[in-house]
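Peer 1: pasting the structure only:
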């Protein structure tokens with residue numbers, strides 16, 4: 001199985017965007033788990049020894065398959081005087097600039113990495129009662145503009161190299177997911193598989209029935225709802241809630257069951273989407289299925305897939321409702 005390394009490059013003011021890239025990679029790694037393994041390379045998740053500078057210990061962007069560079073209001077910190085310089089002898093403007101420019105040069109002479117640059121054009125906000133901080137913000141903004149004018153777009157609007165613009169992190173996340181999906185289809189997946197082979201699986205049309213987990217491959221149009229639902233559950237779990245809980249509310253026939261079963265459930269339980277969970281067990285139940293006892297109904301569903309239970313556990317669903325009383 002091929003491993004695709006996605007390098008995330010940015011100054012420190014794009015922390016939210018960096019996390020969104022990680023989230024997209026986790027989703028796609030789970031979605032295409034049978035064909036490819038995706039790995040994110042982010043400098044902030046590693047530890048660095050004191051014998052050398054940060055930049056010399058960060059993995060090289062040129063050794064990855066895809067480089068996603070993000071710029072907001074900063075270009076980044078200047079590099080040490082003894083750091084390698086550009087071919088013309090000038091120092092690289094910053095660590096992020098070094099990662100981007102060296103990756104672009106490597107791509108010109110080889111097949112990888114593919115470099116995608118994102119920029120949020122919104123100007124920075126400054127604090128008027130902090131002269132030193134204001135001067136630093138202005139300096140970073142000017143350096144960033146100069147960097148783009150030199151390598152990407154001239155002052156009169158002529159493009160030298162391609163880049164993508166975004167205005168908020170949600171749009172950025174959607175752009176990155178489309179980008180990586182297209183890249184995987186072109187370089188790894190190709191057109192070798194059908195989303196739903198009718199000869200083997202039958203018609204995916206459900207009529208008035210809800211979609212189930214097995215229909216996830218042909219359930220579409222609710223991506224944003226699925227992302228929001230999954231993020232809500234993960235945020236509740238990370239906040240230390242005793243039980244992460246999500247309630248879907250809507251009129252009859254609006255697609256609540258299909259969203260939960262064919263959208264949220266397969267996406268949330270895919271490998272790597274929630275790093276803290278190695279293996280999931282899911283239970284789909286209706287509260288009134290077992291003589292109007294919702295706890296017994298839940299217990300029955302939990303023990304439907306009992307292959308991974310020990311001999312002492314298997315076959316004991318009636319015992320689980322005792323937990324409702326704290327026994």
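Peer 2: Received, thanks. All values reported here derive from a predicted model rather than from experimental measurement. Numbering: from 1, shown residues only.
Peer 1: when you work out contacts or count neighbours from here on, use the C-alpha atoms and nothing else.
Peer 2: Fine.
Peer 1: against residue 261, how distant is residue 205?
Peer 2: 15 Å (Cα to Cα, to the nearest Å).
Peer 1: next one: the stretch of helix or strand residue 225 belongs to to chain centre, how far?
Peer 2: Remark: residue 225 resides in helix 223-238, with elements defined by DSSP states H and E. Here helix 223-238 shows a centroid-to-chain-centroid distance of 12 Å under the convention Cα atoms, centre = their mean, to the nearest Å.
Peer 1: try stretch 12-24
Peer 2: Worked out by Cα atoms, centre = their mean, stretch 12-24 lies 8 Å from the chain centre.
Peer 1: now swap in stretch 31-43 and tell me
Peer 2: Here stretch 31-43 is found 10 Å from its chain centre; the criterion is Cα atoms, centre = their mean.
Peer 1: ok, now stretch 216-233?
Peer 2: Computed by Cα atoms, centre = their mean, the separation of stretch 216-233 from the middle of its chain amounts to 13 Å.
Peer 1: name the nearest residue to residue 20, sequence neighbours excluded.
Peer 2: residue 173 (5.8 Å; Cα to Cα, 6 or more residues apart in numbering).
Peer 1: wait, a helix at the one you found?
Peer 2: Yes: assessed by DSSP: H, G, I helix; E, B strand; the rest coil, residue 173 belongs to a helix.
Peer 1: neighbours around the residue lying closest to residue 35 once chain neighbours are set aside, how many?
Peer 2: With Cα to Cα, 6+ apart as the criterion, residue 35 has its nearest non-adjacent residue at 6.3 Å, and that residue is residue 1. One way to gauge burial is a neighbour count; for residue 1, by other Cα atoms under 10 Å, it gives 8.
Peer 1: distance check, the residue nearest to residue 20 against residue 19.
Peer 2: Going from residue 173 to residue 19 by Cα to Cα gives 9 Å.
Peer 1: list the contacts for residue 117?
Peer 2: Taking Cα atoms under 8 Å, 6 or more residues apart in numbering as the contact definition, residue 117 lies against 68-71, 162-164.
Peer 1: which SS state does residue 7 fall under?
Peer 2: Remark: residue 7 carries the secondary structure label strand [criterion: three-state DSSP].
Peer 1: show me what it is bridged to.
Peer 2: With DSSP bridges as the criterion, the beta-bridge partners of residue 7 are residue 41, residue 67.
Peer 1: report the separation between it and residue 21.
Peer 2: Remark: distance between residue 7 and residue 21 (Cα to Cα) = 10 Å.
Peer 1: identify the residues contacting the residue nearest to residue 20.
Peer 2: Counting by Cα under 8 Å, 6+ apart, residue 173 touches 17, 20-21, 24.
Peer 1: tell me which stretches of the stretch 151-300 of the chain form strands.
Peer 2: Taking DSSP state E, counting those that start in this stretch as the criterion, the stretch 151-300 of the chain carries its strands at 164-165.
Peer 1: same question for the stretch 1-150 of the chain.
Peer 2: Here the stretch 1-150 of the chain has its strands, by DSSP E, counting those that start in this stretch, at 2-9, 36-41, 66-71, 114-119.
Peer 1: and those strands as JSON lines, adding distance to residue 145?
Peer 2: Supplementary listing: those in JSON lines, determined by distance: least, Cα to Cα, whole Å:
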{"stretch": "strand 2-9", "distance to residue 145": "17"}
{"stretch": "strand 36-41", "distance to residue 145": "26"}
{"stretch": "strand 66-71", "distance to residue 145": "10"}
{"stretch": "strand 114-119", "distance to residue 145": "11"}
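Peer 1: looking at the ones you listed, which is buried most?
Peer 2: For those, the largest average neighbour count (mean count of other Cα atoms under 10 Å) is found in strand 66-71, namely a mean of 24.
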